[in-house]
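J.: 3D model of this:
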Amino acid sequence: MKDSSLFHMILQCNDMGSSSLGHSEPLSEGYPKAVLTLQPAWSQIFPEETVTLSCEVEGGSAGWRFKQYRAGREEVLLNWVLFLSLAGRSVFLTCLVSFLYPELPKAVLTSSPQWGELYTGETVTLSCGVEGGFTGFQYLWYKSSQGGTVQIRGTTGARYTLSPVTQSHSGQYQCEAQRGDPPRSSQRSDPVTLTVSEGRPKPALTREPAGEIFDGDTVTLSCVVEGGSGGWRYLWYKDRQGAPVYQTDSSSGTGAGYTISAAALSHSGEYWCGAERGRNTSYSQYSDPIWVNVTGE
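T.: Down below sits the predicted model:
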């Protein structure tokens, strides 16, 4: 992307009748300074947007005659030239702005959290931005489903929060950024797909080894919420649902696994797992139970 944020202010003077500004000497001390302003004060501009350049003389512009022209070079948007005939000399104060037009910027859409699959009652926030440091936008939001693509009305901010989600929120979402009068839009973002499932997921609990367990054996229980969703923290229970397992030197639950490193009779019992996630915590169902029966040698 070409740099579109360089603003040049050049103060020059020539003898009367000279046609060359490019190699003239700077104005001597005591001449006023030309000041250039840009409205809106955007750091970058893309094709067909409208901006206003204003060139004024410090201390007041009264008595100055202004001449405006459009430069012939393609990358230069506008030159403003201030002209004054003073004491037999032509004095040129030049405000030069060069804009190297970039491509139309593209909106970038992200979701937080990035869980892949959502369940009813959870919360997700979509965030829209623009590549390349462009500013001053409002945002348009779109949703695509089997019924086609529709604009989401009533929201123009850079964030769009769905809480609590329902199955009707499933679909593909896109955004684009818009600014100016008349408005100009960015390229539309790549889509983000939200899949919302009804109810709460049920984790699957497995045991290794699956056969008989003896004193001193190592036993590993594994819990997973299937379906491709992430962000889960796993909880472990023994003997009854809702009763967390007792962590000891020989047994501990870490993430999706619960390990008994030296099985003893006291480890015998029924085990369950569950999962939770999110700032506003949502919970899975309990898994089906698994029985651990430790026998002596």
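J.: quick one: find the helix or strand in the protein with the lowest mean pLDDT.
T.: None of the helices or strands of the chain scores lower by mean pLDDT, DSSP states H and E than strand 7-11, at a mean of 33.
J.: domain ranges for this protein?
T.: 7-97, 107-197, 204-295 (automatic domain parsing).
J.: in terms of mean pLDDT, which of these ranks lowest?
T.: Of all these, mean pLDDT reaches its minimum on domain 7-97 (a mean of 50).
J.: roughly how far apart are Gly129 and Thr110?
T.: Distance of Gly129 to Thr110, computed by C-beta to C-beta, to the nearest Å: 8 Å. Using the backbone N, CA and C atoms, a C-beta is placed for each residue, glycine as well.
J.: could you pull out the helices for the stretch 101-250 of the chain?
T.: For the stretch 101-250 of the chain, no helices are identified by DSSP state H, counting those that start in this stretch.
J.: related to what we said a few turns ago, what about Gly129 and Thr110, which has more around it?
T.: Counted by other C-beta atoms under 10 Å, Gly129 and Thr110 do not tie: Gly129 has more neighbours, with 17 against 12.
J.: neighbours of the nearest residue to that one once chain neighbours are set aside, how many?
T.: Spatial nearest neighbour of Gly129, chain neighbours left out: Val108 (5.1 Å); criterion: C-beta to C-beta, 6 or more residues apart in numbering. Burial of Val108 is recorded as 15 neighbouring residues (other C-beta under 10 Å).
J.: ok, now Gly132?
T.: 15.
J.: was I right about it contacting Gln44?
T.: Yes. Counting by C-beta atoms under 8 Å, Gly132 touches Gln44, with 6.2 Å between them.
J.: for Gln285, see how far away Lys106 is.
T.: Distance, Lys106 to Gln285, by C-beta to C-beta: 41 Å.
J.: er, Arg279 actually
T.: Per C-beta to C-beta, Arg279 is found 21 Å from Gln285.
J.: who's more crowded, those two?
T.: Set Arg279 next to Gln285 and count neighbours by other C-beta under 10 Å: Gln285 wins out with 14 against 7.
J.: can you pull the contacts of Ser282?
T.: Tyr119, Gly121, Glu122, Arg200, Glu276 (C-beta atoms under 8 Å, 6 or more residues apart in numbering).
J.: and it, how far is that from Gln187?
T.: As judged by C-beta to C-beta, Ser282 and Gln187 stand 35 Å apart.
J.: just Pro40 next, same as before
T.: Distance of Pro40 to Gln187, computed by C-beta to C-beta: 20 Å.
J.: all strands of the stretch 101-250 of the chain, in order?
T.: For the stretch 101-250 of the chain, the strands defined by DSSP state E, counting those that start in this stretch occupy 107-112, 117-119, 124-130, 138-145, 148-152, 159-162, 171-179, 184-185, 192-197, 204-208, 213-214, 219-224, 233-238.
J.: would you list the ones you listed in JSON lines and tack on distance to Ile260?
T.: Formatted as JSON lines, the strands of the stretch 101-250 of the chain follow (distance: least, C-beta to C-beta, whole Å):
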{"stretch": "strand 107-112", "distance to Ile260": "37"}
{"stretch": "strand 117-119", "distance to Ile260": "31"}
{"stretch": "strand 124-130", "distance to Ile260": "37"}
{"stretch": "strand 138-145", "distance to Ile260": "48"}
{"stretch": "strand 148-152", "distance to Ile260": "51"}
{"stretch": "strand 159-162", "distance to Ile260": "41"}
{"stretch": "strand 171-179", "distance to Ile260": "45"}
{"stretch": "strand 184-185", "distance to Ile260": "60"}
{"stretch": "strand 192-197", "distance to Ile260": "33"}
{"stretch": "strand 204-208", "distance to Ile260": "10"}
{"stretch": "strand 213-214", "distance to Ile260": "9"}
{"stretch": "strand 219-224", "distance to Ile260": "4"}
{"stretch": "strand 233-238", "distance to Ile260": "11"}
